[in-house]
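Enquirer: okay, sequence plus prediction incoming.
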Amino acid sequence: MNVLIIDDEKSIRFSLKTGIKKLKGIQVFAAESGEEGLDIIMNNKIDLAIIDIKLPGIDGIEVLERINRLKMDVTVIMITYISEVRLAVKAMKLGAYDYYTKPFNIMDVIESVENMRKFIEKKNRVDEGSETRLIGESGNISDIRRMIGRIAEKGMNTNIMITGESGTGKEVVARSIAESLGEDRQFVALNCAAIPKTLQESELFGHEKGAFTEAKSKKLGLMEKSNRGILFLDEVGDMDMSLQKKLLRAIQEKKFRRLGSTEEVEFDAMIISATNKDLKYEIKNGMFREDLYYRLNIIPIKIEPLRKRREDIPLLLEHYLQFYKSRIDTDIEGIDDAAMELLVNHDWQGNIRELRNTVERILILSGNDMIRTDDLPEDVFLKKREYANSELKEAERDIIVRTLKENNFNITHASQKLGMTRTTLRNKMKKYGIETE
């Protein structure tokens, strides 16, 4: 397990680093600023970060927010002075695991780190395979599996573009492709939406020391790290226009230069892009380069939203039920039929991400042995009522049309048969767009 300590007080960094290094199987990194800490996180697999809230430059809260935006799987413990507890509470709401107030007992923190090590080891065992496992039996998922198989057979460095709504599992498809090509291909990811446009070029191409004010040392870019491997450009539709031009040139020429360098670096990798945007619309509005689009979109893969592949919902529910049962102390064994019907008929606007979060929330809050209708979020019931109202209106329209036909569209006779006034019948005919023949 890799632990990062971010604190501007040298004595605290030293004490924590010395104590934590005594634990088995732990490597410790240290940084005195948020910027330095984020640089370590970007270049190393950090499992646990212990972050001081008050830091020079960006503070600990901002570091935590950036970790969240970058979708980094890092558990965070905050440290702060007692006068700043309200900030620690804010950090907990943002996803921090715990916090300690200064002055704290070093042994308490070390004990917490040891507990986290056990938790992370268990979590990693549970997570094994979940990042690359495509779950579902729908035609869409079956087609994607077949396509991944054909890509693996060819083994070429072609470019693939994955499209689909937010939360549909585009990164899972990308990692499935990477896994199918073998472990010798490094998978390197850049989330274009999570990194400010001013930093995207440095992240992608790297820089030399002194290339710009903040360039304190040489940095390899993600393109260089992914050479001979796979470069995953998540949310590629958010890439800066000027960077799009440079990326296109690098793809065409199979080489590029780091910022501040005259030396050309070779680049030969598979590029997998993903976006939830309509890039043809973006091209039409001058927000995305058409030539880059065709370079990236050699093999298109489209993931349908969950509401268009409802047969996958029970399988996903069962998967995440078992996934979270390994992490959460719960008595829940399954989902009863009534709850399953509601869940399958829910629209899942947030797709798999919403479904996953819903299962986790239910397992944490429910005291039942089965997931029942009273465990479900309110929006599931609201949607069910919308379905019911829609079905009721459709049924009412059918009855009115049938009764009018039986009475040769005589309003008086039909209204008597329906048990309503002529005015009410005329209003309903207008409402449902029913015309007299």
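Expert: Here it is on my side, so go on.
Enquirer: contacts, neighbours, all on C-alpha from now
Expert: OK.
Enquirer: partners of the host helix or strand of Ile301, with directions?
Expert: Using DSSP states H and E, Ile301 maps to strand 299-302. Here strand 299-302 has these sheet partners by DSSP bridges: strand 159-163 (parallel).
Enquirer: okay, and Ser112 sits in which element?
Expert: For Ser112, the host element (DSSP H and E) is helix 106-127.
Enquirer: give me the mean pLDDT for that helix.
Expert: For helix 106-127, the mean pLDDT works out to 71.
Enquirer: mind saving the C-alpha coords of whichever helix or strand comes after that helix as CSV?
Expert: Note on helix 106-127: by DSSP H and E, the next helix or strand toward the C-terminus is helix 139-154. The C-alpha coordinates for helix 139-154 follow below in CSV (Å, rounded to 0.1, in the frame of the first residue of the first chain):
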residue,chain,number,x,y,z
GLY,A,139,-27.9,-7.2,-27.7
ASN,A,140,-25.9,-4.0,-27.3
ILE,A,141,-23.5,-5.5,-24.7
SER,A,142,-23.3,-8.7,-26.6
ASP,A,143,-22.3,-6.8,-29.8
ILE,A,144,-19.7,-4.8,-27.8
ARG,A,145,-18.2,-8.1,-26.4
ARG,A,146,-17.9,-9.5,-30.0
MET,A,147,-16.3,-6.3,-31.2
ILE,A,148,-13.7,-6.4,-28.4
GLY,A,149,-12.9,-10.0,-29.3
ARG,A,150,-12.3,-9.0,-32.9
ILE,A,151,-10.0,-6.1,-31.8
ALA,A,152,-8.0,-8.5,-29.6
GLU,A,153,-7.6,-10.9,-32.5
LYS,A,154,-6.1,-8.2,-34.8
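Enquirer: how far out from the middle of the chain is helix 139-154?
Expert: Offset of helix 139-154 from its chain centre (Cα atoms, centre = their mean, to the nearest Å): 22 Å.
Enquirer: could you do stretch 367-379 as well?
Expert: Distance, stretch centre to chain centre, for stretch 367-379: 25 Å (Cα atoms, centre = their mean).
Enquirer: which residues does it contact?
Expert: Contact partners of stretch 367-379, identified using Cα atoms under 8 Å, 6 or more residues apart in numbering, comprise 330-336, 338-339, 342, 358, 362, 366.
Enquirer: from those residues, which would you call buried?
Expert: 330, 332, 335, 339, 342, 358, 362, 366 (16 or more other Cα atoms under 10 Å).
Enquirer: how about those in CSV, adding distance to Met156, pLDDT and secondary structure?
Expert: Compiled in CSV, these are given as follows (distance: Cα to Cα, whole Å; pLDDT from 0 to 100; DSSP: H, G, I helix; E, B strand; the rest coil):
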residue, distance to Met156, pLDDT, secondary structure
Thr330, 46, 85, coil
Ile332, 46, 91, coil
Ile335, 44, 93, strand
Ala339, 46, 90, helix
Leu342, 44, 90, helix
Thr358, 39, 90, helix
Ile362, 44, 90, helix
Ser366, 49, 85, coil
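Enquirer: farthest pair in those?
Expert: Thr330 and Leu342 (21.9 Å; Cα to Cα).
Enquirer: which intervals of the stretch 151-300 of the chain have sub-threshold pLDDT?
Expert: Scanning the stretch 151-300 of the chain for pLDDT under 70 picks out nothing.
Enquirer: tell me the spacing between the residue nearest the centre of the chain and Glu396.
Expert: Against the mean C-alpha coordinate of the chain, by Cα atoms, centre = their mean, the closest residue is Gly167 at 5.9 Å. Gly167 sits 37 Å away from Glu396, going by Cα to Cα, to the nearest Å.
Enquirer: over to Leu38?
Expert: Taking Cα to Cα, one finds Leu38 at 61 Å from Glu396.
Enquirer: out of those two, which sits in the busier spot?
Expert: Per other Cα atoms under 10 Å, whichever of Leu38 and Glu396 has more neighbours is Leu38, with 18 against 13.
Enquirer: what's the helix or strand where that one lies packed up against?
Expert: Element membership for Leu38 (DSSP H and E) is helix 34-43. Helix 34-43 is packed against strand 2-6, strand 27-31, helix 60-69, with contacts defined by 3 or more Cα pairs under 8 Å, 6 or more residues apart in numbering; DSSP states H and E.
Enquirer: in CSV: these, plus mean neighbour count and distance to Ile251.
Expert: Shown next, in CSV, are the helices and strands packed on helix 34-43 (neighbours: other Cα atoms under 10 Å; distance: least, Cα to Cα, whole Å):
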stretch, mean neighbour count, distance to Ile251
strand 2-6, 23, 34
strand 27-31, 18, 35
helix 60-69, 19, 27
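Enquirer: now for the ones you listed, which one comes closest to Met429?
Expert: helix 60-69 (52.0 Å).
Enquirer: relative to helix 34-43, how tilted is that closest one?
Expert: On the basis of axes from the mean of the first three to the mean of the last three Cα atoms, to 10 degrees, helix 60-69 is oriented at 20 degrees to helix 34-43.
Enquirer: just the helices in the stretch 301-437 of the chain please.
Expert: Using DSSP state H, counting those that start in this stretch, the helices found in the stretch 301-437 of the chain span residues 313-325, 337-345, 351-365, 378-406, 411-418, 422-431.
Enquirer: buried ones in whatever helix or strand comes next after the helix holding Leu38, by neighbour count?
Expert: Counting by DSSP H and E, the next helix or strand C-terminal to helix 34-43 is strand 48-52. Neighbour-count burial for strand 48-52, counted by 16+ other Cα under 10 Å, picks out 48-52.
Enquirer: same check, this time on stretch 314-328
Expert: In stretch 314-328, counting by 16+ other Cα under 10 Å, buried: 316-317, 320-325.
Enquirer: of those residues, which is the nearest to Ile77?
Expert: Closest approach between the buried residues of stretch 314-328 and Ile77, by Cα to Cα: Tyr324, at 21.9 Å.
Enquirer: please name the spatially closest residue to that closest one (chain neighbours excluded).
Expert: Nearest residue to Tyr324, sequence neighbours excluded (Cα to Cα, 6 or more residues apart in numbering): Glu360, at 6.4 Å.
Enquirer: quick one, what contacts that neighbour?
Expert: Per Cα under 8 Å, 6+ apart, neighbours of Glu360: 320-321, 324.
Enquirer: tilt between the host helix or strand of Leu204 and helix 34-43?
Expert: Assigned by DSSP H and E, Leu204 falls within helix 197-205. Angle of helix 197-205 versus helix 34-43, following the same axes, to 10 degrees, is 40 degrees.
Enquirer: name the residues that touch helix 197-205?
Expert: Contacting residues not belonging to helix 197-205 are listed as 190, 192, 220-224, 239-240, 243, 256-259 [Cα under 8 Å, 6+ apart].
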